[in-house]
Every structure is written in structure tokens, then in C-alpha cells.
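**Student:** Quick check, what structure comes out for this input:
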Amino acid sequence: MAVPLAFFALFFAYPVVAIVGRGLRSGGSWQFGRIGEVLGDPDIGGVLWFTTWQALASTALTLVLALPAAYVFARFDFPGKQLLRAVVTVPFVLPTVVVGTAFLAVLGRGGLLAELWGVRLDTSVWAILLAHVFFNYAVVVRTVGGLWSQLDPRQEEAARVLGVGRFAAWRRVTLPALAPAVAAAALMVFLFTFTSFGVVQILGGPSFSTLEVEIYRQTAQFLDLPTAAVLTLVQFAAVGAILAVHAWTVRRRESALRLVDPSRTARRPRGVGQWALLGGVLATVLVLILLPLAVLVERSFDGPGGYGFRYYRALQSADGGGGTFLVPPLEAVGNSLQYAVVATLIALVVGGLAAAALTRRAGRLVRGFDALLMLPLGVSAVTVGFGFLITLHQSPLDLRTSWILVPLAQALVGVPFVVRTMLPVLRAVDGRLRDAAAVLGASPLRAWREVDLPMVRRALLVAAGFAFAVSLGEFGATVFIARPDNPTLPVAVARLLGRAGDLNYGQAMALSTILMVVCAVSLLVLERIRPDRSTSGEF
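**Tutor:** Residues are numbered from 1 along each chain as shown. This is a model prediction of the structure:
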């Protein structure tokens, strides 16, 4: 636990505490009265209300649309199922900037709806809600569907033999068993939408602001650190409560059920109703997920003179961005790949050690350590990024001009995915095998190399893939710390969208398409090497 604790203390707790302290201290004394002033501001109250209700609405809409898909993936066996599973997961690892850009291409100025029916939904709450469903669809499908596929269908069949109707059997037998997984998925969707940044920043316009967006505005635009510090504390408290409830639901799910092999529960659809359900899910995936991605690609080729590679060629020149960049925007691709590789290595070391520690120890302290590892997913990335700038500027940790700063921020987001992927697999390794190796004279290192590593190698590759994908798309922190001469892909997309002109818009679509393709290829590879679903964690 020493290395992960040191990493989180230095690169997470220290920057967050420092920026909050700078905002709430004045003249050497704490100004706690500022908390009441900020929370009493009607504008801030409106931000808190919008953040909460849009997260609740996004969560409810995601559950309504994704639970049928979770059932289809769990109980049906059909051609192209593995490919469709990867397609559904692509949006989750896409940067929120790309998600916003894709929906901008459908709902925004010059978008598909505007061309067909003259309707624009950008700068509306509906655009935000639909983009959140797009982004979190896979969370419900993977989390609920993964458990549903391992529930023994014979229990529900037995209830029906005893005279209970189909719906009553599902409500009284299957639903109670699924409840912890549904609750865990709902909490994670609520967490991601409660802390939404890139989607709201691009699609919401000036009319809508979540806590994360408001923290960014108060920090970067108004330089009002006291207000940003108070909002960070509010978000931290809310995220801590959500993660505590989530940890309880996950423990309940792990301990209360006896599961079966997923291969025994899936079969081909039978009857008109089941085929109609499969068709409905496929139509939802087509409209909700594939359509925005397809329009994004189409817009990247649609130039003033017709379809072509004009926007892609413009990425090769710094002048093509209208003075937005010091270097050609295409260099952001190489920068992002290099940063993501380094961030993945850091996340594997830190997350792998943390997962190993969590498998070998139990107790309240270790459960608290597990919750700590999840905090970077919910705590303001804007606060972390700005905290990097004001803390890591003195020897021996003067990193503000170092390239390593970006991978460190990205690794913070990658570590939770490594832990969540590795933990179930490490727990499945029989400890008696290590004991037998020790009796035969193997050192602890050799026992790990020859017992654990062969069993977890595939899970390790999956963890590396997820860490790479989420590192590639990290935006909230890197928007502060990425240097102008070394922008990352999400930062480059946001800068292009922030400037007027068809050329900038087209280049943003082209860069987003490149980033989407990289993420999609990563997911397809992961789906090929993914371990058995019963031991591969939530994703």
C-alpha cells in the first residue's frame, strides 16, 4: 500500500488541499464564513440545483434505455454480439470533449437535425441529457448485464412452474438479485453526470453550468479561488457520499449471490416478443450511439467544396488553426499517444500494487483505501489540474515545465480502472497455490511471477487498455497543465471549437474522429483478449 498511498498523497491530496486552503485562508486565518456566503448566493444555488437534477434525470433516462440492452446481452445469443458489446462501450472511453463534439454535429449549428428539420438542440438541456445517456449507456449494460448473465434462470422458471406470472416471477426473484447491480450502476452514472464537465461546456453554452463547469469558470475566468474552493468542498462531500453508498452496494452484490457460468444462461431469441426486444435494442444503439459517431466522421470530410481531406490536411499546419496553436494541430496526436503510454505504465504500477494490497488484507482501513482510489473519478479534475500548477513548483518537485506533469494527471484517472479490473481476478487466484510454491522453495517474487502472473496476464492487458483509453481522453486537468507547444488531443479539440469559423469547426471534427478511431480500436482489441466475464470486473 505504500507506493499507491504516496502517489495519491503527493499528486492528489496535496494539490487539492493546497488549492482549497489557498481559497479559504486570508492573512493566515481560515475564512469559513466564506462557505455560507457562497452557498447563499442565488446563482450558486441555481448551479447546485441544476447539477443535481440533471444528474438525476440523466441517470433515470440511462436506466430506462440501457436496462433492456443489459437483458439482451445477458440472456440472448446472436451473431455479432461481441462486436456490438465493443461498439456500446466505445462512448464510455471517449473523451467528453469528443462526445460533446459528436452531439454538436447532430444537434448543433449546421448539424443533422438543423439540415433536415431546421431544429437546433444545442444549448438546451435535452442535448446534455442525451449526451450523458450516450456516454453512460455502457456502464449499465456492463454492470447490470454482467451480473444478469450469471444469475441462474432456473430460479425464475421454478417460480413460474409454481403458478406465478412472468412479470411477478421477475419482480420477486430476479429483481431483488439484480437490485445491488442496478443500484451500483445508477450510482456510477449519477457520479459521472454530477461531475460532468466537457459535455456541459460544449453543449450547454452559457445558460447551463454544473459544479465542475462553475469551478472551471471561477478558477480560470474570474480567478475567484474562494468560491472555487467552496464548490470543490461541496463536490468532494457529495462524491464521498456517493462512493460510500456504491462500495456498500458492491460488497452486497459480491457476498449475497451464488452465480453460474454465463455460457449456460444465453440462448437465441425465441418468439416475436424477444425478437422485437432485440430489434428495439439494436435500433436504440443505432440512433443513440452509432448515429452521432457517424455524423462526426461525415462532418470531418464535408468541406466547402464537397467531401475530401481538406480539414485533415489543415491539421498539418499551425497556420491552419488560425493562430490557435504554436504547432500543427496534428502534433497533438503524437503528444497524446506518448502521454497516454507513460500514464498507462504509471497507472499499472500504482493500480496493480493497490489491487494486490486489497486482495491480501481486510478491515476498515483497507476499505477506506479502496474508496480513496475511486475519488479521482469524482473530485474536480479542474481543481487537481490547477492544484498542480500552484503546488508542484518548488524543488525537488518543480514539475510545472516538465512533460511528466500531464501523464501524472492522466494516471490519476487511470488507476481506478486498473484496480477495478484487476481486483476480481486477483481475488479469484487460490492462495493455496502460492503456499504450495513457497513450500517448494519459491521466493515471493518467483511465486508471483509463476503463479499469479500467468493467471492475471489477460486482465492486466485489459486494465492497460482501459487506462490507455481514459488517459488519452482526460481533459479536465490537462486543460490547465498542457503546454501550448505540446497540446493533447482533447485540449486541441476544445481550442478549435472555441474559435469561430468553418475551418476550425472542421478541424475539431477531424481531430475528434482520429481520437474516436484510436479509442474504438483499443476497445475492439480489449474485447478479443477480455478474460471470462465472471472474473473480469465491472468492465
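
**Student:** and the longest helix anywhere in the chain, what does it pack onto?
**Tutor:** Ordering each helix of the chain by length in residues (DSSP state H) puts helix 42-75 first. Using 3 or more CB pairs under 8 Å, 6 or more residues apart in numbering; DSSP states H and E as the contact test, the elements touching helix 42-75 are helix 33-39, helix 81-93, helix 125-148, helix 175-194, helix 211-216, helix 225-256, helix 271-285. All C-beta atoms are positioned from the backbone trio N, CA, C, and that covers glycine.

**Student:** again, 10 Å this time
**Tutor:** helix 33-39, helix 81-93, helix 125-148, helix 175-194, helix 198-203, helix 211-216, helix 225-256, helix 271-285 (3 or more CB pairs under 10 Å, 6 or more residues apart in numbering; DSSP states H and E).

**Student:** Buried residues of the longest one, list them for me.
**Tutor:** For helix 225-256, burial by neighbour count (16 or more other CB atoms under 10 Å) applies to 225-236, 238-239, 242-243, 246-247, 249-250, 253.

**Student:** Now do that helix: distance to the chain's middle.
**Tutor:** 16 Å (CA atoms, centre = their mean, to the nearest Å).

**Student:** Can you give me the pLDDT of residue 392?
**Tutor:** For residue 392, the model assigns a pLDDT of 81.

**Student:** and if you look at residue 526?
**Tutor:** 69.

**Student:** Now do the longest helix of the chain against helix 175-194, angle only.
**Tutor:** Helix 42-75 runs at 140 degrees relative to helix 175-194, counting by axes from the mean of the first three to the mean of the last three CA atoms, to 10 degrees.

**Student:** Please shift the residue numbers so they start at 34 in all later answers.
**Tutor:** Sure, I'll start counting at 34 from here, so that last one is helix 75-108.

**Student:** Which of the residues in helix 75-108 are classified as buried?
**Tutor:** Across helix 75-108, burial judged by 16+ other CB under 10 Å covers 77, 80-81, 83-84, 87-88, 90-92, 94-96, 98-100, 102-108.

**Student:** Any idea how far apart the tips of stretch 327-344 sit?
**Tutor:** 17 Å (CA to CA, to the nearest Å).

**Student:** Show me which residues of that stretch are buried.
**Tutor:** 328, 329, 330, 332, 333, 334, 335, 336, 343, 344.

**Student:** which ones are touching residue 43?
**Tutor:** Residue 43 sits next to 424, 425, 430, 441 when contact means CB atoms under 10 Å, 6 or more residues apart in numbering.

**Student:** Minimum distance to residue 377: which of the helices and strands packed on helix 75-108 has it?
**Tutor:** helix 114-126 (12.8 Å; CB to CB).

**Student:** Grab the nearest non-local neighbour of residue 63.
**Tutor:** Using CB to CB, 6 or more residues apart in numbering and skipping the chain neighbours, the partner closest in space to residue 63 is residue 57 (5.8 Å).

**Student:** separation between that neighbour and residue 178?
**Tutor:** Separation of residue 57 from residue 178 (CB to CB, to the nearest Å): 44 Å.

**Student:** more crowded one of those two?
**Tutor:** For residue 57 versus residue 178, neighbours defined as other CB atoms under 10 Å are more numerous around residue 178 (26 against 20).

**Student:** so that one touches residue 105, yeah?
**Tutor:** Yes: if you go by CB atoms under 10 Å, residue 178 and residue 105 touch, sitting 8.1 Å apart.

**Student:** Now do the phi/psi pair for residue 432.
**Tutor:** Here is the backbone geometry of residue 432 (degrees, to the nearest 10): phi -110, psi 0.

**Student:** Surely it touches residue 48?
**Tutor:** No: using CB under 10 Å, residue 432 is not in contact with residue 48, being 11.1 Å away.

**Student:** could you give the angle of the longest helix of the chain to helix 114-126?
**Tutor:** Put simply, helix 75-108 runs at 170 degrees to helix 114-126, going by the same axes, to 10 degrees.

**Student:** any low-confidence regions in this structure?
**Tutor:** 60-61, 280, 282-297, 352-359, 394-397, 399-400, 411, 559-572 (pLDDT under 70).
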